[in-house]
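Student: need a structure here:
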Amino acid sequence: MNINDGDFKDLRCKLDIMGFTQTLPVLAIPLVQAIFGDLIKTTECLRDTKKKVAELLEEKTCWELGVEPYKCDNSRLLAECNELHLQFLRDREDYELRLCESERKIRNLESDKQHLQSHNDGLQCQLDALLTKQMVSTVTNKKSQAGIGRQTKKPFISTVRSGNVLPTVLGTSSTALKCTKCNAGVFQKTTTTTKDGVTVTQTSGQEELDKMQNDLTAAREQLEFFKRKVEARNREIRRLNDMLAGGRPPAALAKDCCYKDVGALSQDIDLLQREKSDLMLQVREFQDKMHDAMQRALSSEEDKIKLQTQLEELKEAALQVEHQANAEIDAKELELRQLQLELKKKGRDHRLAGGFASNQSDKHNLNERLNVLTRREEELEATNEKHKKKLQKMQAKILELQKELKDQNKHSNVTLDEEKIRLSSERDFFQKEYLRLMSKSGSESEIAFLHAQIKSKDEELRALRSELFPGGKLQFSPLKSVQYETLPPATASSSASTANSSRSDCVQAAIARVERERDCARSELERVRCERDTLREKQLCTVQLHAEELQALRVRNEELNDRLRQMERDNRELNSARVPTETNLVLLKDDLVQMRQRVAAMQSEIDKLKDENGQITMLNDQNERIIADYQSKLMVAERQRQSADVRASTLDSSRETNRSEVTQLRMDIGALRQTYISLEHEKDTLLHQLDTKTERAYKLEYELKDCKEKRNALEQNVKDLEDQVRKLTNRNRQRDSELTETSTESKTLRQQIVALKASRDEAIAENRRLMDKLSDGQVEARTLQKKLEESEKQVANMKQQLHKYVQEVKKAEDLLTQKVCSQFKEKERDEMLDHYHCLTQGQATLEGNNQSLECEAVEFRRQICELECEVRSLKDQLHCRQCALEDLEMQLTAARASVRCVERELEDARDEIRVQKVDLEARKELCDKLDVERSKLNAELNEVHDIRKKLEKQCEQLRDELQQSAALNQVTTETTDLMLGRLHNDQQRQEDDDIRSKNEMDRLQRQLQQTLDLLQEERARSRRQEELADKFEQQVRDLRRNLADDRYNQARTREVSPRVPPKTL
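Tutor: The predicted structure is shown next:
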């Protein structure tokens, strides 16, 4: 019974110490004793497992340190292999491009050779025909001279001879054959001129057909090359995905050996500064574009006013022509009335006089006058009809110009509204990007928080070291000796020594644990920094790619708008100037070629956008993998936290240490949640970019449709112009206006060159000033680096001294455990502890100095990076200014060349006008001669019966020649019909290709919709996981609240119960 009472008292004391104040029945004594025995065993097992776990962790760190260089080498070799593979792909693409270009050149040269051969044969035949013609003409001239000497004089022989000379329709022909390289045109003229000035033209389009076939083959080869290029890129993407699929995640690969980069923070700051400068440049560019749009609107209004004035001038000219025609008609009618009155008067006089001979002569004269008047009346009617036709054409032109003005106004208003909307949306997008980048600087607050956590750990370590060996005031501490409470009680003689040794071991273990936690926190900080750097680099790469694509698309859009405006201007000039059919067809066919090239360029842009869409999907996959890794880390952290809570419930005495661990885990969970939120935000931004890319793809499809419609409209215009355009009228005015325009453009370009030179000089001076600043900053950075190295050396020396001193302290502790009662050793121990405290204080001050020097070094590095960024930006500005100068010089040279060409064309036009004037004078002389011969033929009507047979024979010859000419015209029409049929077939093929590309775009859109659905599913899954995390957080809060209540109750029970050391534990 006494034993049971003793056991009961011992159990009661233990339960009171542990905070269990409930009543203990007698029957529960053996069960509680068994539970306490199990508790002792579990604590021993826990201590052994902790030691094993620590050893395994040390071994793991050793293995990781050994594997680290191999990881670095592996990542470096992988990067080199990828770069070499990419270089190989680029070289192969360049080789295939050169091969296609050389094959195209060979085909063009072969076609030129064939054309030149055919031209040479034609010229040889024409030369032979000319020689035979010359021989025949010399023989006929000799015979005619001999016949004139022998013949006698006959009446009206000259008139018969003049009528014998007839124009030969298919006579000598002077061909103007040209090479395809020399002449931009397609049609070749073969003109035949005779003495009377009659010309016959003959055209053929074989060269243009061959050229179009060569262009078609070249376009097909380029299409095949681009298909091969897309397939190669897809294979490369699949290869990289396969490389990343089975191995380590991309975040781990990017994290390899990142902590060895000394200038990681400086690079980060440099990248942020570059992004800021790029955004500012883009803002300026958008402002310039808005200014250009306003200028274009003003210029369009000025053009509208000019066109209205031209319309009014055309109306006035038409009214003047109409008034002139009406005046001429009235004058002719007055002359006719006067002539009728004179006829009536002469008839009366004739009746009065009544002479037979005079009657006959008067009749003859009156008949002649009537014939002349009837002819004049017919001529006046013809001229009146011509004037009416001209008036109708002028009215039709006025209506067309009015329609064009209305369409242009509508189009300009629509384009201005679209540009305003687009610029406002882009401005909002870049403002959002800037705010997002400014808000992302919150990661620095995370780093500061981790620094503060490390400092708090260091302070705890110092506090624990200061608590070392307080003088043996307390022999028992229920808060710090939980692991040693299970040991059996020692004797009275060795109780003090065992208590002190157990206390020192416990404190050293706590110090080691705190140091390990500090190292873990630092490694976690480094890892978070590396991950932040990699994510920032990826984000910057995506933003830069997006900005470059936007810039390229804007430049391409501006080029297309300029080309469209140029084409519209050329079309108007052609309509106003009535250019000949040959040059007009050449220009329009060049426009067709340009439109085809633009369609090919748009197709290539669509392919590029497809590639970029695939890359964005790959980036989304990588981000999803990173999110999964972070989720797994979150689960691991939650498990660690749960285990820490369980350990806190079992080990109540280690309350402060467990609190610190729980706070650390909370901070880790908060940091992981922040990283998870940032990744979600980046994922949303990537989705937003993907949406913008899809919208751009849709816009490009609509632009393709518009281009096709414009191409069809241009082809219709070509057909209309082939029927309408006839003569060359107002070419001199056009050339003069072009000369004035080119002169004004050259003046403006010279002024721009002068302004750009002045800005370049200013930029050079600014660059020198910034270089001086950079050199000063580099000198300061070097001095600070030297100071930092000296301070690091001092810290290393102090660490060595501290390590030696710790060894001496351990030796002294061993001696103290052997000899407890010696007071002399206790004084030495106190002195050593004081010396140790002094050393720790010196170490703390050195660490503070070291941290301040590191902060200063980081600040100076940041300043150096900012200066380098400014220097680079200035260099880029200089390069841009130089490129602009070179472009302006090229434009000047092109303008001068165009001015020279225009002058040459003016001279050619003047020569043509002179030739036409000479031809007109010759024709007038021929008309006068024919009038004289007609009067003679009217007098020689009696001899016409003898000559009628000869004339009938000549008429039959002329009919044969006309039939031959009709056959030739039929052949030419057949060839033109064949060409038109081939062109129609080519157009049909191109439409089929467009339909295929549209189907491909639909397929890609479906794939994109599928990916968007998958993304939505992933978002829903992430939301569910967030809800689970919130539930777990609520459970954790409840557990923490319960734990706090339990600890509060335990503290209260401890304050109430007597503090008696346990005997069995």
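Student: just the strands in this structure please.
Tutor: 174-175, 190-193, 199-200 (DSSP state E).
Student: average pLDDT for the second one?
Tutor: Within the predicted structure, the mean pLDDT of strand 190-193 is 42.
Student: ok, stretch 1048-1065 next?
Tutor: 59.
Student: just stretch 77-97 next, same as before
Tutor: Averaging pLDDT along stretch 77-97 yields 84.
Student: same check, this time on stretch 224-236
Tutor: For stretch 224-236, the per-residue pLDDT averages 79.
Student: for that stretch, which positions count as buried?
Tutor: Within stretch 224-236, the residues that count as buried by 16 or more other CB atoms under 10 Å are F226, K229, V230, R233. Glycine gets a C-beta too; all of them are placed from N, C-alpha and C.
Student: which of these sits closest to R923?
Tutor: Nearest to R923 among the buried residues of stretch 224-236: F226, at 58.7 Å, using CB to CB.
Student: that closest one and S604 touch, don't they?
Tutor: Yes: at 6.1 Å, F226 counts as touching S604 under the criterion of CB atoms under 8 Å.
Student: circling back to that earlier point, among the buried residues of stretch 224-236, which are located in helices?
Tutor: Within these, residues falling in helices by DSSP state H are F226, K229, V230, R233.
Student: ok, the residues you listed vs L1028, which is closest?
Tutor: Using CB to CB, these come closest to L1028 at R233, 40.3 Å.
Student: contacting residues for the closest one?
Tutor: By CB atoms under 8 Å, 6 or more residues apart in numbering, the contact set of R233 is L89, D611.
Student: tell me the two of the buried residues of stretch 224-236 that are most distant?
Tutor: F226 and R233 (10.4 Å).
Student: list the buried ones in stretch 708-717?
Tutor: For stretch 708-717, by 16+ other CB under 10 Å, it's K710, R711, L714, E715, N717.
Student: and the pLDDT for the closest residue to the third one other than its chain neighbours?
Tutor: The shortest distance from L714 to any non-neighbouring residue, by CB to CB, 6 or more residues apart in numbering, is to D591 (6.0 Å). Reported pLDDT at D591 in the predicted model: 71.
Student: neighbours around D591, how many?
Tutor: Neighbour count for D591, taken as other CB atoms under 10 Å: 21.
Student: one more: L704?
Tutor: L704 has 20 neighbours, counted by other CB under 10 Å.
Student: so who does it touch?
Tutor: Contacts of L704 (CB under 8 Å, 6+ apart): V599, M602, D994, S997.
Student: rerun at 7 Å
Tutor: Applying CB atoms under 7 Å, 6 or more residues apart in numbering to L704 gives the contacts M602.
Student: any idea how far it lies from A547?
Tutor: 24 Å (CB to CB, to the nearest Å).
Student: pLDDT of stretch 31-42, averaged?
Tutor: For stretch 31-42, the mean per-residue pLDDT is 84.
Student: got the CA coordinates for it in CSV?
Tutor: Below are the C-alpha coordinates for stretch 31-42, written out as CSV (Å, rounded to 0.1, in the frame of the first residue of the first chain):
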residue,chain,number,x,y,z
LEU,A,31,-2.2,2.8,-17.3
VAL,A,32,-0.7,6.2,-16.6
GLN,A,33,2.6,4.6,-15.5
ALA,A,34,2.7,2.6,-18.8
ILE,A,35,1.9,5.8,-20.8
PHE,A,36,4.9,7.6,-19.0
GLY,A,37,7.2,4.6,-19.8
ASP,A,38,6.1,4.8,-23.5
LEU,A,39,6.7,8.5,-23.4
ILE,A,40,10.3,8.0,-22.2
LYS,A,41,10.9,5.5,-24.9
THR,A,42,9.4,7.7,-27.6
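Student: show me which residues of that stretch are buried.
Tutor: Under 16+ other CB under 10 Å, the buried positions of stretch 31-42 are V32, F36.
Student: what's the answer for stretch 278-293, then?
Tutor: For stretch 278-293, by 16+ other CB under 10 Å, it's D278, L279, Q282, F286, K289.
Student: stretch 308-325 now?
Tutor: L314, A318, A325.
Student: and K211, how many neighbours?
Tutor: With neighbours defined by other CB under 10 Å, the count for K211 comes to 20.
Student: ok, R239 next?
Tutor: Per other CB under 10 Å, the neighbour tally for R239 reads 12.
Student: can you pull the pLDDT of it?
Tutor: pLDDT, R239: 76.
Student: quick one: the ones in helices among the buried residues of stretch 224-236 as CSV, columns for distance to D1030 too.
Tutor: Formatted as CSV, those follow (distance: CB to CB, whole Å):
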residue, distance to D1030
F226, 51
K229, 49
V230, 46
R233, 43
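Student: can you give me the helices in this structure?
Tutor: With DSSP H, the ranges of helices along the chain come out as 2-18, 29-150, 157-164, 206-246, 250-255, 264-353, 356-439, 443-466, 495-577, 581-650, 655-724, 731-818, 823-939, 944-1056.
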